[in-house]
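Student: structure for the following, please:
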Amino acid sequence: MSKNVVHVVGTGTLGEPLIGMLADLRGELGIDEVTFAKKNPLLQDRSKVVSLEKRGAKLAAEAPKWDEFRKLGMEPTYDYEEAIAQASVVIDCTPDGSGNSNKQKFYLKHTDHVRGFLAQGSEFGFGKPYAYGINDAAFSKDDQFVQIVSCNTHNIAVILKTLGVMDGRSVLKDGKFLCIRRASDVSDSKEFVPSPKVSMHEDPWGTHHARDAYYLFKTLGMDLNLFSSAIKTNSQYMHCIWFDLMLSEKVTEEEVRERLFSNPRIAVTYKDMASLVFSFGRDHGRFGRILNQTVVVLPSVHVRNGNEVLGFCFTPQDGNSLMSSIAATERILYPGEYSEKLAPLDAMLFKEI
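Tutor: All right, here's what the predicted structure looks like:
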């Protein structure tokens, strides 16, 4: 019987925690081996590479650079492309645009034996867009290339699925979202901004967040009217989204709250500051993360004129993308029993923060 090997390309904001989670949970997830690719041997990265190796993940690097890695105390096990070739699932977590580039350069020549390739939110066009619990019905064994949508798109999507869709049909007339983005992740040392910076509206959906949500629901046969704007603020805590949903049917505030409470992938909170929610995740979340797709600020939710729902919610950074990456991996490895495999992760979700 062949081994189930998951290979992660990249050790940045998404790659590093994903490698750690897969390595720590590989027994429960039915994964035999976790490998990860590192392009360059850097002294400042040695601590995380060594830590990941201690947790059971195996390093892959270009063969000519092995001696450089070893001089710095890191021990490669596989050649860079050898690790791709022997993988069951490859998850690309490289910076913007690199995933689509890697698809052309590496992945397409390994489609006969690698069962699935995943890339993260910025890689629009890589494959079918996917978010766990949103468009699982559209996930097929024939979807070899999958785009895990961005963290803010996850947030928008779960709000839409919970409040704008009833019994599998859309009741949404219009959905507007303002993504108030943190400048950079706490793990980043670049891209911080000194003051709020607005994003331009570059397509019919405004920013990529609504565009990606549109195509996510398009896989379910829904044609949603969406628009998003974004502004980057000088904070490293969490993204925040303001939403405004105009519905075709009447709804009460009590019904809205009940729908929010009933969705296991939504956490609610009475906290009104990103730092407080972020701190909760650091103290109580698995791997210091909130794996829910959104954290809705319950006191901010308001129903206007009986058919317009407004409110604020926080985005759990990479937590929701990590969850969907693992969910997609399990769907590929265990299509008939992925729900059971994901039970340990589902148990880590919060109802209230």
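Student: extract the CA atoms of the top strand by length along the chain and return them as CSV.
Tutor: In the chain, taking DSSP state E as the definition, the longest strand is strand 172-182. What follows is strand 172-182, C-alpha atoms only, in CSV (Å, rounded to 0.1, in the frame of the first residue of the first chain):
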residue,chain,number,x,y,z
LEU,A,172,-29.4,37.8,-1.1
LYS,A,173,-30.2,40.9,-3.2
ASP,A,174,-27.0,42.7,-2.6
GLY,A,175,-23.9,42.1,-0.4
LYS,A,176,-21.4,44.8,0.5
PHE,A,177,-18.3,44.3,2.6
LEU,A,178,-15.5,46.6,3.9
CYS,A,179,-12.4,44.7,4.8
ILE,A,180,-10.5,46.6,7.4
ARG,A,181,-7.2,44.8,7.1
ARG,A,182,-4.3,44.6,9.5
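Student: so what are the sheet partners of it and their directions?
Tutor: strand 226-233 (parallel), strand 239-247 (antiparallel) (DSSP bridges).
Student: now it: average pLDDT?
Tutor: Per-residue pLDDT over strand 172-182 has a mean of 96.
Student: let me see the residues that make contact with the helix or strand following that strand.
Tutor: Sequence order places strand 197-198 as the next helix or strand after strand 172-182, per DSSP states H and E. Here strand 197-198 makes contact (C-beta atoms under 8 Å, 6 or more residues apart in numbering) with 229-232. For the C-beta atoms, the positions are set from N, CA and C on the backbone; glycine is no exception.
Student: next: stretch 295-302.
Tutor: 159, 253, 256-257, 260, 266-272, 277, 309-316, 353.
Student: among those, which are in strands?
Tutor: 266-269, 309-315.
Student: now do the contacts for G116.
Tutor: 88-90, 143-146, 328-329, 332.
Student: what's the closest non-adjacent residue to A61?
Tutor: P76 (4.4 Å; C-beta to C-beta, 6 or more residues apart in numbering).
Student: just to check, the one you found is in contact with W66?
Tutor: Yes: look at P76 against W66 with C-beta atoms under 8 Å: they come within range, at 5.1 Å.
Student: ok, those two, which is more surrounded?
Tutor: Between P76 and W66, counted using other C-beta atoms under 10 Å, P76 has the larger neighbour count: 24 against 17.
Student: ok so, going back, of all the strands paired with strand 172-182, which one is nearest S47?
Tutor: Minimum separation from S47 across these (C-beta to C-beta) falls at strand 239-247, 27.4 Å.
Student: residues touching the closest one, excluding its own?
Tutor: 151-152, 155-156, 159-160, 163-164, 171-182, 274, 294, 307-315, 317.
Student: quick revisit: in JSON lines: the strands paired with strand 172-182, plus mean pLDDT and distance to E33.
Tutor: Conversion of these to JSON lines gives the following (pLDDT from 0 to 100; distance: least, C-beta to C-beta, whole Å):
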{"stretch": "strand 226-233", "mean pLDDT": "97", "distance to E33": "39"}
{"stretch": "strand 239-247", "mean pLDDT": "98", "distance to E33": "34"}
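Student: OK, contacts around Q293?
Tutor: Here Q293 is in contact with 131-133, 154-155, 157-158, 265-266, 316, 320, 323 (C-beta under 8 Å, 6+ apart).
Student: any of these buried? List them.
Tutor: Buried members of the contacts of Q293, scored by 16 or more other C-beta atoms under 10 Å, are 131-133, 154-155, 157-158, 265-266, 316, 320, 323.
Student: check the closest residue to A85 other than its chain neighbours and give its pLDDT.
Tutor: Closest residue in space to A85, ignoring its immediate chain neighbours: H110 at 5.6 Å, by C-beta to C-beta, 6+ apart. With respect to pLDDT, H110 scores 95.
Student: one more: S189?
Tutor: If you check S189, the pLDDT there is 69.
Student: among the ones in strands among the contacts of stretch 295-302, which one sits closest to S248?
Tutor: Taking C-beta to C-beta as the measure, S248 sits nearest to V309 out of the ones in strands among the contacts of stretch 295-302, at 12.2 Å.
Student: just the buried ones out of the contacts of stretch 295-302, please.
Tutor: Buried by 16+ other C-beta under 10 Å: 159, 256, 260, 266-269, 271, 277, 309, 311-316, 353, out of the contacts of stretch 295-302.
Student: so which of the contacts of Q293 comes closest to G20?
Tutor: Using C-beta to C-beta, the contacts of Q293 come closest to G20 at M323, 14.1 Å.
Student: ok, the closest one to D346 distance?
Tutor: 9 Å (C-beta to C-beta, to the nearest Å).
Student: now swap in S339 and tell me
Tutor: On the measure of C-beta to C-beta, S339 and D346 end up 9 Å apart.
Student: repeat for K218
Tutor: From K218 over to D346 (counting by C-beta to C-beta), the distance is 26 Å.
Student: and if you look at V165?
Tutor: V165 is 21 Å from D346, by C-beta to C-beta.
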